[in-house]
Every structure is written in structure tokens, then in C-alpha cells.
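Peer 1: Compute the structure for the input listed below.
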Amino acid sequence: MNKKLSIFTNGFIRENPLLVLNIGLCSSLGVTTSIFNGIGMGMGMMFVLLMSEIVISLFRKLIPSSIRLPVFIIIIAAFTTIVQLVLNAYVESLYDALGVFLPLIVVNCIIMGRVEAFASKNTLGDSILDALGMGIGYTFVLILISLIRELFGGGTLFAGTSFKIELIPEAYRIGMFNSAPGGFLVFGFLAAFMQALKQTKAVKENRRCPVPEEPNCSSCKLSCPNAGSAAKSDSKSSSNPEASK
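Peer 2: Just a heads-up that it's a prediction; the model follows:
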């Protein structure tokens, strides 16, 4: 159970594809000017990632290793085309807003990386958990970046929908957040915050580690070439204190 939970939550913080692995940034920063776009891109990516991992995990033993990458790309392209057709038919405004970044899902490093590193080597159940965890982590970060950029850049929330809310007057809006530099700025602050959380956690864990009273080579757990000889010399010096003087 702990292993399953670890696989599912891996994409939330430990290996978040955007804030930790820093992959798939082009499309992520290109579409996150509104929450509506962020949700649409996140859901589309999650669908393609989930279905691709399911298919590749099911047929992982039948796909020849020499042609696995072309096969992976064909599978991903098939589900990306489904997303394109559905959005074009039912949510045309979102289809137009995502633009060229929608078909570029085919070559997104997040999907290709997960199907190559995980789905092609693990069972169907684990692959589903991995896809859902990575997809949720990706979508959450997209929504967070979109919320900040839309709020401060456009002064609204849920623009492009019937639930649009205007919160900041036009005179107080920061137009930079609607451009590429604003996207990189928001992403930089979020990535720095993530690193600060990880470093704080690491410091707390190190404080709980026992520290030897008299550090020496005999208490060291590193497997260096001189460990054996150093331990012997330490034992000799401790048994003959006059020689050490």
C-alpha cells in the first residue's frame, strides 16, 4: 500500500514535472495566461498521459526495443489527435486559445519521459497511478501559475467563461504578467519556494540523525578505499596511546 501511495504522490512534490524536473515548460508558460487555459491544457495532458501509459504498459512486452520510441510517439499522437478533435468540436474557444501548443503535446517531454521511464517497465496498475499523480501535479501547477498571471495581469479570474470575475481595476493591473517575462517570473518564484520547502525538510531530517561523539574513520559509513587501513590505524592508536604521542 505504501508503495502504491508513493507512486501516486510522486508527481505532487518529489518529482513534480514542472517545479522539480523542469520539463514541459514551453507549453506550460505559453498557455497559462488564464485559469481556463490552464485547466484545459492540464486536463488534455492528463488524458493523453493516462491513456498512453495504459496502452504502453499493456503491450510493453510486445513492443520491440529497437523501435519503441517511434511506437511511443504514434500512440501519443493518436490520443493527442483525439483531444484536438474533441476540443475543436465542443470547446472551440479553448481550442483556439491553446493554439499550436495543443498538437505539441505529442513531443512533450513529460509524456515521453514517463512512458519511457515508467510505463514501459511497470505494471498496468502502477502506470495508471503514475499517470494520475503526474497529471494532477502538472495541472495543479498550471492552475496556480494561471491564477497569479490572470489576477495580476488581467485583473480577472475565469476569463473566457461565463463565471468571469473582475477583481482589480484596469489602472492597477500589471501587464507584464500577460507576457513571457511575467510567466518566467511567476515560475521562478514557485520553483524557488519548492526548493526552499525541500531544503527545510532535508535540514529537519539531518537534525534527527545521530552524531558520533568522536568522529573518525571508524565511525564513517562511506566506502572509500582507505577506510580499512584508517580503521586499523585508529584501533592501533587507541590501544597504544603512548605511540600516538
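Peer 1: Give the next helix or strand downstream of the helix or strand residue 71 falls within.
Peer 2: Using DSSP states H and E, residue 71 falls within helix 68-90. As assigned by DSSP H and E, the chain's next helix or strand after helix 68-90 is helix 92-98.
Peer 1: For that next one, give the mean pLDDT please.
Peer 2: On average, the pLDDT along helix 92-98 is 93.
Peer 1: Could you pull out the helices in the chain for me?
Peer 2: Per DSSP state H, the chain carries helices over the ranges 2-9, 25-31, 35-58, 68-90, 92-98, 109-114, 124-149, 180-207, 227-239, 241-244.
Peer 1: Can you check which of the ones you listed gets nearest to residue 158?
Peer 2: For residue 158, the closest of these is helix 35-58, at 5.6 Å, according to Cβ to Cβ. Where C-beta positions appear, they are placed from N, C-alpha and C, glycine not excepted.
Peer 1: What mean pLDDT does that closest one get?
Peer 2: 96.
Peer 1: how about it: buried residues?
Peer 2: Using 16 or more other Cβ atoms under 10 Å as the test for burial, helix 35-58 gives 35-57.
Peer 1: can you give me the angle the helix holding residue 71 makes with helix 35-58?
Peer 2: Angle of helix 68-90 versus helix 35-58, following axes from the mean of the first three to the mean of the last three Cα atoms, to 10 degrees, is 140 degrees.
Peer 1: Give the buried residues for helix 68-90.
Peer 2: Buried residues in helix 68-90, counted by 16+ other Cβ under 10 Å: 71-73, 75-77, 79-80, 83-84, 87.
Peer 1: Which other helices and strands does it contact?
Peer 2: helix 35-58, helix 92-98, helix 109-114 (3 or more Cβ pairs under 8 Å, 6 or more residues apart in numbering; DSSP states H and E).
Peer 1: so where is this protein shaky, pLDDT-wise?
Peer 2: Applying pLDDT under 70 to the chain flags residues 1, 207-245.
Peer 1: I'd like to know how far residue 98 sits from residue 25.
Peer 2: Distance, residue 98 to residue 25, by Cβ to Cβ, to the nearest Å: 16 Å.
Peer 1: higher neighbour count, these two?
Peer 2: Higher neighbour count among residue 98 and residue 25: residue 98, with 23 against 16, using other Cβ atoms under 10 Å.
Peer 1: Would you confirm that that one contacts residue 31?
Peer 2: Yes. Counting by Cβ atoms under 8 Å, residue 98 touches residue 31, with 5.6 Å between them.
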